[in-house]
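K.L.:
Predicted model and sequence below, questions to follow.
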Amino acid sequence: MKTFNKRRLGKVITVFIVMVCLLGAPGGQVFAAEDPTQEVTQGPDQQENTQQTDDDLAKAKEDAKAELDKVDVNLYEEPEKSTVTKAVEDGKQAIEAATTISQVDAAKKTALDTVATQKTAAQKAEEGTPVIKRVYHSYIAGMKSYKRSGKAYNLKKLLPKKIRKKYVVAQGAATDGKYVYQAFEKHNSHYCVILKYNAKTFKKVKISKPIKTYHANDMAYNPKTKRLYSINCDGRPKGITIINPKTLKIAGRKNITVPKKLAGAKAKDLKKIKAFVSIAYNKTRNQYIVRAAAFKVFLVLDEKFKPVEMVTLSKSLGSVPQTMECDDEHIYIPIYRSKKRNEIFVYDWEGKYQYKITLNSKFEIENFFKIGSVYRVTMYKAMWIKKGYKRETYSYRVSLKKNNYEDIEVIDETDKTDKTSETTATK
């Protein structure tokens, strides 16, 4: 008979008791004994989820976004401006995606911390930090046609059939902000009709009777005189036809007299000016500008159309320059480059080339103007069909997409001396 091992028996009994404790619950449920002295702890997010409501979270998000909206990105120059803008946008996205108030606070703090590391233009100037100015050399224009019933809207369809069969060629246009005035020429006749339509709805308001505007290559509107000014271009090549925008009748004519002497001009250059092909008006300066034909200059005229200065463009246009537009800082000159693209050359008022805008369209650009903050172009399309030429005119909304730039270090803000940095970036 083997000797009984008390130690082994003790181990067996212990194992048996443990199994009974683990498996002895009703339904075979495994459980562990609770320690009444031990507190059950939760993570911060778990604690917050048990306390916050949906309204609390929504209010926290709203407040956080409002605080980020207070950041004025216009106080910064590039490249700080881009960093601040991105920090604010990323912060708002993170806030929107947050599921707890602590996450909202963290997202807001991250964005504001990033903003705090960037110096404003005023701070940099006060500290003597070199100011970096981002100069864009080119833009790609995003073009979106105005549509009706899903199709690009042909402005010629606003003309009665009898008129649009004769007055087929789209020429100059101008806007007073509410209405657009578009000239359609009867080819080589010196006569046009003026279509007035609502800039927002594209509904026809009025159509003029045929009036003698000559080529009417371009038009400008003066809100002070409340008159349209159409550049003749041919017939009376240095002349302007004045039109009443309410009646669409001729209200007078002006002839631009080129003097023998003029600021910014040599006598021989003034003699070369035989015609003017485009016109624009700037309200702030209360001045007109007219561009000379086949010559890279424009004249600045006072409110009575008297030349006060000649400006020579620093970069030649080439190809087929069309209309002209201006604002307080820039002169815009559209060019029909080929059947594949158009370009808009941009200069300052001293004639210095700034950048160009490329419009990838096979249609011919006829005019370019701004309504509020929106740029528009009118494109003319001519195609050969069996019965002759088919001519159409479309209006496009233009959005400028930054393409190529370089950062310029401004050495001395007092004399605006610029030094080009070594790094040129392409975006």
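P.N.:
Perfect, I can see it now. Numbering: from 1, shown residues only.

K.L.:
From now on I want contacts and neighbour counts done on CA atoms only, so please keep to that.
P.N.:
OK.

K.L.:
Helices of this structure, start to end?
P.N.:
According to DSSP state H, the chain carries its helices in the segments 6-23, 44-51, 54-69, 80-97, 101-116, 121-127, 161-166, 267-272.

K.L.:
rank the ones you listed by mean pLDDT and give me the bottom one.
P.N.:
Looking at the helices of the chain, the lowest mean pLDDT belongs to helix 44-51 (a mean of 53).

K.L.:
picking that back up, quick one, which of the helices of the chain gets closest to residue 205.
P.N.:
In this view, these are compared for proximity to residue 205 by C-alpha to C-alpha, and helix 161-166 is the closest at 15.7 Å.

K.L.:
Go through that closest one and flag the buried ones.
P.N.:
Neighbour-count burial for helix 161-166 flags 163-164 (criterion: 16 or more other C-alpha atoms under 10 Å).

K.L.:
which other residues reach it?
P.N.:
For helix 161-166, the surrounding residues in contact (C-alpha atoms under 8 Å, 6 or more residues apart in numbering) are 156-157, 186.

K.L.:
how about the closest residue to residue 281 other than its chain neighbours, what does it touch?
P.N.:
Nearest residue to residue 281, sequence neighbours excluded (C-alpha to C-alpha, 6 or more residues apart in numbering): residue 288, at 4.4 Å. By C-alpha under 8 Å, 6+ apart, the contact list for residue 288 reads 279-282, 300-303, 305.

K.L.:
In PyMOL, how would I select just the buried ones from those residues?
P.N.:
Per 16+ other C-alpha under 10 Å, the buried members of those correspond to this PyMOL selection:
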select buried, resi 279+280+281+282+300+301+302+305
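
K.L.:
Which one of the contacts of residue 288 is nearest to residue 376?
P.N.:
Closest to residue 376, out of all of the contacts of residue 288 and judged by C-alpha to C-alpha, is residue 280, at 15.1 Å.

K.L.:
Verify the stated contact: that closest one with residue 220.
P.N.:
Yes. In this structure, residue 280 is within contact of residue 220 by C-alpha atoms under 8 Å, at 5.2 Å.

K.L.:
re the thing from before, which of the contacts of residue 288 fall in strands?
P.N.:
Mapping these onto strands (DSSP state E) picks out 279-282, 300-301.

K.L.:
would you list those in a markdown table and tack on pLDDT and distance to residue 351?
P.N.:
Supplementary listing: those in a markdown table, determined by pLDDT from 0 to 100; distance: C-alpha to C-alpha, whole Å:
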| residue | pLDDT | distance to residue 351 |
| --- | --- | --- |
| 279 | 96 | 15 |
| 280 | 97 | 15 |
| 281 | 98 | 16 |
| 282 | 97 | 16 |
| 300 | 97 | 11 |
| 301 | 98 | 15 |
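
K.L.:
related to what we said a few turns ago, distance to residue 349 added to the helices of the chain, as a markdown table?
P.N.:
As requested, the helices of the chain are exported to a markdown table (distance: least, C-alpha to C-alpha, whole Å):
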| stretch | distance to residue 349 |
| --- | --- |
| helix 6-23 | 90 |
| helix 44-51 | 60 |
| helix 54-69 | 35 |
| helix 80-97 | 27 |
| helix 101-116 | 36 |
| helix 121-127 | 25 |
| helix 161-166 | 38 |
| helix 267-272 | 19 |
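
K.L.:
neighbours around residue 158, how many?
P.N.:
A total of 18 residues lie near residue 158 under the criterion other C-alpha atoms under 10 Å.

K.L.:
For residue 203, see how far away it is.
P.N.:
Between residue 158 and residue 203 the distance is 8 Å, computed by C-alpha to C-alpha, to the nearest Å.

K.L.:
Residue 109 too?
P.N.:
When C-alpha to C-alpha is the yardstick, residue 109 and residue 203 sit 51 Å from each other.
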